[in-house]
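S.K.: Provided below for reference: sequence and predicted model.
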Amino acid sequence: MNTRPALIASVIGIVAISMAATAYVGVRALSWLTSSSALGGVGYYGINSVANNYATQGNYPAAIAEYDKMIAMRPNKQDGYMLRAMAEFRAHQFKPAIRDNTTALNLLTTRAGIEEVGFNPNASYQQKLNCVPEAQASLYYNRAVVYDNLNDLPHAIADYTADLAIHPHDADAHQNRAWACLKTKQYDLGISDCAANIARHPKRVVDYSNRGQLYAAKGDTSHAIADFNTAIALKPTDPQYYELLSQVYMKTRQYAKDEANWKMATEVMPQNSLSWGNYGWAQYQAGHLPASIASSQHAVQIDPSATFAKANIALCYAIANQWDQAAPIYRDVIGRHDKSAVTGALGDVRDALKTHPASPSLRKAAALLTDA
């Protein structure tokens, strides 16, 4: 249905980056950086503490200025670059964040940089060297997140892969790489990422949702349906999983199954307008017009601003040649000055005219919406 509001953003994170379900995970700090900033006091770690406080408050320009001081004081220590990159990322300064993460990674290949790893001055060189992989993994991960935001997905995937070579059970990296793979049509790699997470975390709903989307994009309908049903079973009160399942049913014209899908959603979430509206649309697709009108009216009772449900009511009346019922509803939709709603309603009318080309009410609806 053209007028249904999208629940799933086509982003990163199978989340971008930020969807209703957390399908994407952002930058992370090394454990020793968070603990070292608690040292406070004066000097390098005192500046670190001040900078982190600014960052926590969302004052990223001030945080970046303090991290500048850290870097000036100890230019071979990767911590300052990593922390400044995190602040730059959150300030949407993506290219500087890439440069800082890259500088930090390069430092970890030099003796001078390795000598500065960690915050224990008594650690031996070998002990510091042993900490390098953890730092590299975090930097690869963080740089991948920045590349994701720049939509540079090949570099993002490469960095997530580098992180996973060090930490093969990094659930966040698997999750984010899966989403990047969805966007780059590397479906099998993304599916393997989700499977790796599911094997270790079988109750994580986001991985079933992500894998279902990968299967659906690949054209593997049966596996997609199975994963979306699992997501619904794990989190039955989240409408987006019903929506994802509905998209598969609609694409494959399994209207009776889509009707049952949304019926279950309304039973679990009886006060959710979107579920009732989608139930009404599924009933319309299945040819159950009176039931569709009733469900869509219920959606409007819950949320009077549910324009997509109103348009569906009007469409059903128009198909039944009850123009006196359809016309005022279409005028109400038009009067809300929602261009996308009007465009969607017009698309639905034109689709209906393919099946009912002689319908006078549908022709009137098309004319009214076209002139809006």
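M.R.: Alright, I've got the coordinates. The structure displayed is predicted, hence computed values, not measured ones.
S.K.: Kindly confirm whether my reading is correct that Trp179 touches Tyr187.
M.R.: No: counting by CB atoms under 8 Å, Tyr187 is not a contact partner of Trp179; they are 11.9 Å apart. (Glycine included, C-beta is placed from N, CA and C.)
S.K.: ok, those two, which is more surrounded?
M.R.: Trp179 (32 against 20; other CB atoms under 10 Å).
S.K.: Got the confidence number for that one?
M.R.: Looking at Trp179, its pLDDT reads 95.
S.K.: for the one 10 residues further on, same thing?
M.R.: Each residue has a pLDDT score; the one for Leu189 is 98.
S.K.: One more: the one 3 residues further on?
M.R.: Looking at Ser192, its pLDDT reads 98.
S.K.: same question, the one 3 residues further on
M.R.: The predicted structure scores Ala195 at 98 on the pLDDT scale.
S.K.: what's the closest non-adjacent residue to it?
M.R.: Arg211 (7.0 Å; CB to CB, 6 or more residues apart in numbering).
S.K.: Likewise for Leu245?
M.R.: In space, Leu245 is closest to Phe228, 3.9 Å off (CB to CB, 6+ apart).
S.K.: remind me, longest helix of this structure?
M.R.: When the chain is parsed with DSSP state H, its longest helix is helix 125-149.
S.K.: and that one, what other elements does it pack with?
M.R.: Secondary-structure packing of helix 125-149 (3 or more CB pairs under 8 Å, 6 or more residues apart in numbering; DSSP states H and E): helix 78-90, helix 94-107, helix 111-115, helix 153-166, helix 171-184.
S.K.: okay, the ones you listed in a markdown table with distance to Asp303 next?
M.R.: Below are these laid out as a markdown table (distance: least, CB to CB, whole Å):
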| stretch | distance to Asp303 |
| --- | --- |
| helix 78-90 | 34 |
| helix 94-107 | 37 |
| helix 111-115 | 57 |
| helix 153-166 | 37 |
| helix 171-184 | 30 |
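S.K.: Please parse the protein into its domains.
M.R.: The chain breaks down by automatic domain parsing into domains covering 1-184, 276-372.
S.K.: among these, which is nearest Met264?
M.R.: Relative to Met264, the nearest member of these by CB to CB is domain 276-372, separated by 9.4 Å.
S.K.: That closest one: how far from the chain's middle?
M.R.: Domain 276-372 has its average C-alpha position 30 Å from the chain's average C-alpha position, going by CA atoms, centre = their mean, to the nearest Å.
S.K.: follow-up on the earlier one: mean pLDDT lowest where, among the domains of the chain?
M.R.: In terms of mean pLDDT, the lowest-scoring of the domains of the chain is domain 1-184 (a mean of 84).
S.K.: how far out from the middle of the chain is that domain?
M.R.: A distance of 20 Å separates the C-alpha centroid of domain 1-184 from that of its chain, computed with CA atoms, centre = their mean.
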